[in-house]
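**Q** what's the 3D shape of this:
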Amino acid sequence: MTDCYDQADETIYQIRTHADGPKGELPLTPAMLINRPSGDLFGMTMNAGIGWNPDELDRDEILLVSTLGGIRAADGKPIALALHQGHYELDVQMRAAAEEIAKGKNLPYAVYVSDPCDGRTQGTLGMFDSLPYRNDASMTMRRLIRSLPNVKAVVGVATCDKGLPATMMALASQHNRAIVLIPGGSTLPAVGGEDNGRVQTIGARFANGELSLHDARRFGCSACASAGGGCQFLGTAGTSQVVAEGLGLALPHSALAPSGEPVWVDIARASARAAINLVKAGITGKDILTWKAIENGMMIHAAFGGSTNLLLHIPAIAHQAGVKLPAVEDWIRINQAVPRLVDVLPNGPKYHPTVRAFMAGGVPEVMLHLRDLGLLHLDALTVTGKTVGENLEWWEKSERRQRFKEILERQEHVSPDDVIMSPKVARERGLTSTITFPVGNIAPEGSVIKSTAIDPSVIGEDGVYYHKGPCKVYLSEKSAVYDIKHEKVKKGDILVIIGTGPSGTGMEETYQVTSSLKHLSYGKYVSLVTDARFSGVSTGACVGHVGPEALAGGPIGKLRTGDIVELRIDCVNLHGTVNFLGTAETGELPLEEATKLLATRESHPELAPDPDLPDDTKLWAALQSLSGGTWRGCIYDVPRIVEAFKKLPKD
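**A** I've put the predicted structure just below:
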């Protein structure tokens with residue numbers, strides 16, 4: 001073992017085998033000793049052993065739950081790398097919040113359930129665990145919270161795609177405790193560099209001769225200008241942060257702050273103070289996360305032009321909160337009523353990074369416009385202890401609002417009103433509502449497209465995107481990516497990727513495909529239809545969440561290369577269809593005949609779950625399917641699952 005142990009290190013033999021215990025006494029009373037469970041008493045013993053002043057161990061307990069990852073040195077340099085920036089710097093916010101909790105004469109605790117990075121796992125087997133991880137992490141967080149039975153408040157600290165929704169789900173389950181979320185903020189954009197969405201396409205652009213090797217190397221190195229925060233675009237991470245504010249779960253103007261900056265640290269302190277105030281006021285999770293809060297969150301999603309992944313996460317949060325789950329009809333109604341007002345990556349038209357949305361006033365600035373349109377539930381309670389309406393009255397007159405806007409103009413030479421627009425200006429600049437839910441004989445249970453992200457140049461003057469032609473069917477994302485990188489995908493193609501729903505790949509993201517289509521010169525002329533989901537930064541004519549999924553017998557699994565497919569997306573009225581119209585042999589048929597023909601077909605003969613799909617994900621797929629599937633947020637609905645098991649044969 002000489003290659004492992006340092007034989008020359010004599011200090012290892014300078015060892016203690018016992019030591020003095022902590023000084024002082026626990027603040028116990030006869031009533032506590034008689035009536036409290038042994039776990040409460042032993043908890044105090046361990047707290048003293050950890051080093052907390054024993055005189056202070058009878059204070060209110062507040063738990064910090066974080067997705068922290070990596071190990072940072074005192075100067076911020078990595079001792080061990082994190083999986084992504086979004087959880088690397090959270091120890092700074094955690095420390096600031098904990099110090100504020102202690103300053104308020106409370107007892108801070110901290111636990112960690114780290115999270116993966118969807119960007120790191122794109123195109124790898126790790127993506128098969130991405131969405132299932134959310135449920136597992138939330139479950140673990142809930143178990144940890146229950147392990148501190150007397151906790152008065154829970155403060156979540158998270159940033160990114162799955163860890164943040166998991167944290168919000170865990171907080172939502174705390175119906176009788178105070179809850180607050182601290183958003184982990186945004187990565188700074190690099191001067192002269194590419195954003196984290198575009199830089200993920202360096203391989204595809206190089207393969208297609210649209211990027212030099214030198215530029216690929218340089219852009220790949222320089223995209224992240226700070227060590228923390230979520231990506232600089234309004235993907236799932238950024239969208240989840242603004243939705244958390246919309247729900248009233250995070251403080252006003254706390255989402256998308258630049259990670260590592262003083263304001264970002266101050267948000268953590270302020271959030272800790274909010275948690276303390278909620279405990280004193282007796283305001284708990286059930287008071288904040290109501291149906292009105294859910295609708296407010298959905299309105300913020302629509303106004304920002306958020307990720308379609310929130311169609312999976314908001315219902316899951318509602319489920320944990322014990323309120324009604326939003327249905328497709330609710331999403332349609334809200335997206336028809338709420339205009340998109342925010343110009344940030346990836347939606348355009350100017351493609352500002354998310355930190356500019358924060359500087360322009362963030363969520364409360366958007367809420368002012370929605371208030372004036374009469375859309376928000378202004379009486380919904382928030383973690384400030386005040387209503388949305390009261391928060392907006394403060395924001396409208398605040399020094400904070402004015403000064404951050406001035407900094408944006410002075411430092412970035414950008415008008416705040418060009419980032420967060422009035423409804424009138426948004427209409428004049430061609431911003432359309434966020435999402436459309438196409439149906440048709442390929443997607444009888446529905447599908448979703450971020451219609452606001454379709455390139456305007458391929459949308460007709462009537463606001464309709466239309467594409468009809470023969471399709472190319474792929475049974476995996478990797479096979480489609482191979483064709484893109486080997487120039488086998490051409491302008492005008494309709495790509496169909498099947499077998500990538502929950503049962504096939506854990507409903508993986510197909511961002512390798514969608515990002516390539518966004519950043520290749522011909523990509524805006526290519527459409528995609530799939531039973532998988534998309535990264536929040538995906539753009540273009542990409543129809544996902546097709547239901548039923550192919551492996552559940554969905555019609556999408558019956559398509560073959562050469563079949564005629566028609567997409568029609570009305571980006572103004574938010575109606576859409578995705579239909580099979582015939583084969584290469586039959587030619588185009590009347591819709592009714594084509595639908596009958598598709599129904600008679602067998603599923604693709606090579607359709608099967610990915611052979612590398614983990615057993616953990618197979619179990620998740622089965623349980624979420626019994627719970628209502630993707631349109632109910634891929635949740636675990638325990639009563640439904642138990643009832644399904646009761647119906648199984650006894651033998």
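
**Q** which residue ranges form the strands in the stretch 451-600 of the chain?
**A** Using DSSP state E, counting those that start in this stretch, the strands of the stretch 451-600 of the chain run over 464-474, 494-497, 527-530, 542-547, 564-570, 575-583, 587-588.

**Q** Would you mind pulling the contact partners of the longest one?
**A** Spelled out, it's strand 464-474. Here strand 464-474 makes contact (C-beta atoms under 8 Å, 6 or more residues apart in numbering) with 451, 454, 458-460, 480, 483, 489, 492-498, 527, 529, 541, 559-572, 581, 584, 604. For the C-beta atoms, the positions are set from N, CA and C on the backbone; glycine is no exception.

**Q** could you flag which of those residues are buried?
**A** Among the contacts of strand 464-474, the ones that count as buried by 16 or more other C-beta atoms under 10 Å are 451, 454, 459, 480, 483, 489, 493-498, 527, 529, 541, 559-560, 563-571, 581, 604.

**Q** looking at the strands of the stretch 451-600 of the chain, which is closest to residue 598?
**A** Closest to residue 598 of the strands of the stretch 451-600 of the chain, according to C-beta to C-beta: strand 575-583, at 4.8 Å.

**Q** how far out from the middle of the chain is that closest one?
**A** Relative to its chain's centre, strand 575-583 lies at 30 Å (C-alpha atoms, centre = their mean, to the nearest Å).

**Q** any idea of the angle it forms with strand 542-547?
**A** Orientation check (axes from the mean of the first three to the mean of the last three C-alpha atoms, to 10 degrees): strand 575-583 against strand 542-547 gives 80 degrees.

**Q** The nearest residue to residue 52 once chain neighbours are set aside and residue 176, how far apart?
**A** Distance criterion C-beta to C-beta, 6 or more residues apart in numbering; nearest residue to residue 52, sequence neighbours excluded, is residue 107 at 7.5 Å. Using C-beta to C-beta, to the nearest Å, one obtains 19 Å as the distance from residue 107 to residue 176.

**Q** Mind checking which of those two has more residues around it?
**A** residue 107 (19 against 8; other C-beta atoms under 10 Å).

**Q** pretty sure that one is touching residue 56, no?
**A** Yes - judged on C-beta atoms under 8 Å, residue 107 makes contact with residue 56 at a distance of 6.8 Å.

**Q** so where's the stretch 201-350 of the chain uncertain?
**A** Within the stretch 201-350 of the chain, no range satisfies pLDDT under 70.

**Q** quick one, helices of it?
**A** Ranges of helices in the stretch 201-350 of the chain, per DSSP state H, counting those that start in this stretch, are 202-207, 213-222, 236-246, 262-281, 285-288, 291-304, 310-321, 328-337.

**Q** Sort out which residues of the first one are buried, please.
**A** This means helix 202-207. Result for helix 202-207 [16+ other C-beta under 10 Å]: buried residues 202-207.

**Q** Equivalent analysis for the third one, please.
**A** By neighbour count on 16+ other C-beta under 10 Å, the buried set for helix 236-246 is 236-246.

**Q** tell me which element residue 447 is part of?
**A** According to DSSP states H and E, residue 447 maps onto strand 446-448.

**Q** Identify the residues contacting that strand?
**A** With contact meaning C-beta under 8 Å, 6+ apart, strand 446-448 is reached by 308, 311, 328, 435-439, 529, 543-547, 578, 631.

**Q** Test my guess that residue 85 contacts residue 186.
**A** No - using C-beta under 8 Å, residue 85 is not in contact with residue 186; the gap is 9.6 Å.

**Q** When those two are compared, which one has more neighbours?
**A** Neighbour count, other C-beta under 10 Å: between residue 85 and residue 186, residue 186 has more, with 33 against 29.

**Q** Now that one: phi and psi?
**A** Phi and psi for residue 186, reported as degrees, to the nearest 10, are phi -120, psi 150.

**Q** Just confirm it contacts residue 254, I think it does.
**A** No - the criterion here is C-beta under 8 Å, and residue 186 misses it with residue 254 at 11.7 Å.

**Q** if we take the buried residues of helix 236-246, which one ends up nearest to residue 507?
**A** Lowest distance from residue 507 to the buried residues of helix 236-246 (C-beta to C-beta) belongs to residue 236, with 13.2 Å.

**Q** who's in contact with the closest one?
**A** Contacts of residue 236 (C-beta under 8 Å, 6+ apart): 118, 160-162, 165, 307, 309-310, 313, 535-536.

**Q** Present those residues as JSON lines; the columns should include distance to residue 446 and neighbour count.
**A** Below are the contacts of residue 236 laid out as JSON lines (distance: C-beta to C-beta, whole Å; neighbours: other C-beta atoms under 10 Å):
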{"residue": "118", "distance to residue 446": "24", "neighbour count": "27"}
{"residue": "160", "distance to residue 446": "27", "neighbour count": "29"}
{"residue": "161", "distance to residue 446": "23", "neighbour count": "32"}
{"residue": "162", "distance to residue 446": "23", "neighbour count": "28"}
{"residue": "165", "distance to residue 446": "21", "neighbour count": "31"}
{"residue": "307", "distance to residue 446": "18", "neighbour count": "30"}
{"residue": "309", "distance to residue 446": "16", "neighbour count": "28"}
{"residue": "310", "distance to residue 446": "16", "neighbour count": "27"}
{"residue": "313", "distance to residue 446": "18", "neighbour count": "27"}
{"residue": "535", "distance to residue 446": "20", "neighbour count": "27"}
{"residue": "536", "distance to residue 446": "20", "neighbour count": "27"}
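
**Q** Thank you kindly, that will do.
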